[in-house]
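Enquirer: turn this into a structure:
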Amino acid sequence: MDRSGRVRPFLRRRLIAVCTATVLAVPGLAALSSAARAADADLARNGGFESGLDSWTCTAASTVNSPVRSGGSALKATPAGSDYAQCSQTVTVKPDSQYTLSGYVRGSYVYLGASGTGTTDVSTWTQSATDWQQLTTTFRTGASTTRVTIYTHGWYGTGTYYADDVSLVGPGVDAGQPPAAPTGLAVGTVTSSSVALSWSGVAGATGYAVYRDGVKVQTATGTSATVSGLSASTAYSFQVAATNDAGESAKSATVTATTSAGSGGGSSDLPAHALVGYLHASFANGAGYTRMADVPGSWDVIDLAFGEPTSTTSGDIRFTRCPVTECPTVESDADFKAAIKAKQAAGKKVLISIGGQNGQVQLTTTAARDTFVSSVSKIIDTYGLDGLDIDFEGHSLSLDASDTNFKSPTTPVIVNLISALKTLKAKYGSKFVLSMAPETFFVQLGYQYYGTGKWGGQDPRAGAYLPVIYALRDDLTLLHVQDYNSGSIMGLDNQYHSMGGADFHIAMTDMLLTGFPVAGDANNVFPALRPDQIAIGMPASTNAGNGYVPPTEVNKALDCLTKKTNCGSYATHGTWPGLRGLMTWSINWDRYGSWEFQKNFDGYFG
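Expert: Next comes the predicted model:
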């Protein structure tokens, strides 16, 4: 993954043409006419929390009768760990209209804001409010914006906060009638930490609320959802209600499910189907700079691109945020860190990605290995990140001529990388997210070639990721091979497969989920990985890299791999409904392309 603007015919490069990011002009705040003011209404539901947490989706929150600013109740929320105790609700608004968001808060570092405005998302905060303090901010909706999410949250390690009398004043929308209760609620795939649910659609519903053990835990726009973050070997009950602008329906009938025992493999609280994307955080390019706070909630794993070494063999990794001279809209470090915490509070994972096309990393010595561990740890701790993505490309990994067994590697750059990653995993524990983004050259090509080969003369990088993946197979959260900027690769059907359609993704993914003999040696088989460890890597648009396929082809690949339907010429060796999801380069390019990749993922998995 690179920023060069050139496409490599085999080893992937990201198309990056350096340019100045476009500055979005914030509309001026025009004075409202008396007629417009007369049409304004308070659109926030249960803004005084008099009906408990109804209409709000909250973490670590409850209502109390003291202290209150007015009425008989107020919100009390307590941040803990990486959870900032956010409460939010989505409100229907009119396009191209002015709104004022206001609320009263008490506590230290309390935030009030709005996202999804279609223009510039806004927030305001107070560092310390010993008594009730009003926070107010304004925004104008975009030309096609009909729904906005308003929220309040606290801050890491600063204790409990309170909120009351939250309002969103602006042009109202006729709400109509609440929809009927959903029917057909059923349990799908169950893992040690998640339960997949589906139900029948309800006429007039614009969304659905999912309840776990009687408590609303998330919302969905489609007729399916996966409830994650569950404990292993635990029984849960679930219900669903339909929602629209008029309110929420009665709840559906209850279904129950018991999670399975834990099985390792990294973070246990990713959703059953995850959307992974790289965020250009250290440079600008033709896609433009995207602030962390502006990344939509659909993205479950956000990989910050990139941490790079001070020199190829130093092991000293540095993460430098894009300078304002290159990225005029770049946020401050404080806002960047706050946005990361807000994503984490919403259940998202934010990782530092090491490498890329320009970040060649060769841990040739144990000293470089130890420096790698300490410098990467410093980045993770500074930004409060959830883990690490290894995106070693180019000449970062290659095999010595004498290194022929992927199960027992001897090449220093391989051995030291494995040791470094195991050290980091042990340091941060079971919740540490470890992902890898190798190119097909370093993984699937290993079916034919491994290193220099028995007789020499081959590229020593062929299959060089296999020993790393194998050694970390029990610690690896996600493997998302870059199925783009690739040459033709032989699949398990002994036919060459090329980019441009669903078959390439099906064949490459089937190899990972089935396992394959390395360099044609039936006695030396690379074992299959679990489907929950696999996401398919695809470019977000034609601008992002060679190998782009339209949504119809993406869905064919998913249908074939997860349902064994809609398959093409390649016959898979199994069916894997637990396939984790999709990865793309990049979030920025997807935004540039009107969020086509994200929207298709949301539509497919709900």
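
Enquirer: could you use CA atoms for every contact and neighbour count after this?
Expert: Noted.

Enquirer: what's the first helix or strand after the worst-scoring helix or strand of the chain on mean pLDDT?
Expert: Least confident helix or strand of the chain, by mean pLDDT, DSSP states H and E, is helix 34-39 with a mean of 45. Per DSSP states H and E, the first helix or strand lying C-terminal to helix 34-39 is strand 40-42.

Enquirer: which stretches in the stretch 501-606 of the chain count as strands?
Expert: Applying DSSP state E, counting those that start in this stretch to the stretch 501-606 of the chain gives strands spanning 516-518, 521-526, 535-539, 581-585.

Enquirer: mean pLDDT lowest for which of those?
Expert: Comparing mean pLDDT across the strands of the stretch 501-606 of the chain, the weakest is strand 521-526, with a mean of 84.

Enquirer: circling back to that earlier point, among the strands of the stretch 501-606 of the chain, which is nearest V202?
Expert: strand 581-585 (26.8 Å; C-alpha to C-alpha).

Enquirer: check which helices and strands the closest one sits against.
Expert: In terms of contacts (3 or more C-alpha pairs under 8 Å, 6 or more residues apart in numbering; DSSP states H and E), strand 581-585 is packed against strand 274-280, strand 535-539.

Enquirer: of all the ones you listed, which one is nearest N46?
Expert: The closest of these to N46 is strand 274-280. By C-alpha to C-alpha, the value is 31.8 Å.

Enquirer: quick one: name whatever helix or strand follows the closest one.
Expert: Counting by DSSP H and E, the next helix or strand C-terminal to strand 274-280 is strand 301-309.

Enquirer: so what does that next one touch, helix or strand wise?
Expert: Applying 3+ C-alpha pairs under 8 Å, 6+ apart, we find strand 301-309 packed against strand 274-280, strand 317-318, strand 349-355.

Enquirer: next secondary structure after the shortest one?
Expert: Remark: after strand 317-318, the chain's next helix or strand is helix 333-345, criterion DSSP H and E.

Enquirer: just the buried residues of that next one, please?
Expert: Using 16 or more other C-alpha atoms under 10 Å as the test for burial, helix 333-345 gives 336-345.

Enquirer: okay, now the unreliable bits of the stretch 301-450 of the chain?
Expert: Along the stretch 301-450 of the chain, no part satisfies pLDDT under 70.

Enquirer: 90 instead?
Expert: Counting by pLDDT under 90, the stretch 301-450 of the chain contains low-confidence ranges at 356-359, 430.

Enquirer: cool, and the stretch 101-250 of the chain?
Expert: Per-residue confidence for the stretch 101-250 of the chain (pLDDT under 90) gives these ranges: 146-147, 155-159, 172-178, 188-196, 204-207, 209, 212-222, 224-236, 243-248.

Enquirer: in it, which spans are strands?
Expert: Taking DSSP E, counting those that start in this stretch to define them, one finds strands in the stretch 101-250 of the chain at 122-140, 147-153, 161-171, 186-190, 195-198, 207-212, 215-220, 224-227, 235-244, 247-248.

Enquirer: can you count the residues close to the spatially closest residue to V295 that is not a sequence neighbour?
Expert: If the residues on either side of it in the chain are set aside, V295 comes closest to I587, at 7.7 Å by C-alpha to C-alpha, 6 or more residues apart in numbering. I587 sits with 28 neighbouring residues when counted by other C-alpha atoms under 10 Å.
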